[in-house]
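1. Fold the following, please.
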Amino acid sequence: MKAGISPTAFPIYGCAAADAQAVGLHRINPAALEHPVTLEHTFVCITENGTQVDQELTLRYLSLTARLAVALICFERYCRAHQLITHEIKVFLDYLWDFPIVNGPLSFRAWERQQPDLVTVGLGGDIPDTYLVWLHDAGISSDTFRRLVEHTVEIIYGSFYAAADDEEAHMHLQHVLAITEQNENISGLLSQFSQSRFIDRQGWGIPLSEAERDGWRVRAKATDA
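-> So this is what the prediction gives:
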């Protein structure tokens, strides 16, 4: 996926709803739960009744927007662990954290116009030489960092031109978890995003208010590894 997206092609706005098989609902099997439930009640059982559900199935239940949130938290943890704290990374994180409150073509265009350099890197652009300096100081290879940025960005950018791609977004999130070594540290996060479901708004989840988005960030820090 390259930069320069046409908002008229953005499936959040005006696309017909996909059917259940197309959005991957068949992959979550309620019969596999200790107490069988419908898909809509899966997260109720996780958060209120303590039923354990395979983490991968839980991630598949989340909207692309919520999967991006999980990736951003893992990305930030990785950077802090490597003492990689730069203005460019803060701008990158803040920009992508603004995506959950984008709501409508005008809002999308305004958001897209603010695209920072690191998103461009994630879409195939060159890493600026100044970034290579602080990556070297942090002991992170440019290849590893590029892959981390790319997979984080593509969780949502990979679906901007067509219907929300469950498989591709899941693949990118799995790469983020592997690179950041956070696969064992995200279980406490998942219930925070349970209301943002893949079955809503063609895979993107219901729009968030600014307060709800801020709540995601605050609650996520409370479960930080």
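2. wait, Arg217 sits on Trp97?
-> Yes. Using Cβ atoms under 8 Å, Arg217 is in contact with Trp97, at 6.4 Å. All C-beta atoms are positioned from the backbone trio N, CA, C, and that covers glycine.
3. Residues in contact with both of those two, list them for me.
-> Shared contacts of Arg217 and Trp97, defined by Cβ atoms under 8 Å, 6 or more residues apart in numbering, are absent.
4. quick check: longest helix of this structure.
-> With secondary structure taken from DSSP state H, the chain has its longest helix at helix 64-81.
5. Show me what it is packed up against.
-> Under the contact criterion of 3 or more Cβ pairs under 8 Å, 6 or more residues apart in numbering; DSSP states H and E, helix 64-81 touches helix 87-97, helix 142-157, helix 166-180, helix 187-190, helix 210-222.
6. could you point out where the protein is predicted with low confidence?
-> Applying pLDDT under 70 to the chain flags residues 1-53, 220-225.
7. which residues does the residue nearest the centre of it contact?
-> Among the residues of the chain, Leu68 comes closest to the average C-alpha position under Cα atoms, centre = their mean, at 0.9 Å. Each residue near Leu68 by Cβ under 8 Å, 6+ apart is listed here: Leu96, Phe99, Pro100, Thr152, Ile155, Ile156.
8. Please apply the same query to Val91.
-> Going by Cβ under 8 Å, 6+ apart, Val91 touches Pro116, Leu118.
9. Kindly recompute the last result at 6 Å.
-> By Cβ atoms under 6 Å, 6 or more residues apart in numbering, the contact set of Val91 is Pro116.
10. picking up where we left off before, make CSV from the helices and strands packed on helix 64-81 and add distance to Phe75 to it.
-> Below are the helices and strands packed on helix 64-81 laid out as CSV (distance: least, Cβ to Cβ, whole Å):
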stretch, distance to Phe75
helix 87-97, 7
helix 142-157, 5
helix 166-180, 7
helix 187-190, 13
helix 210-222, 12
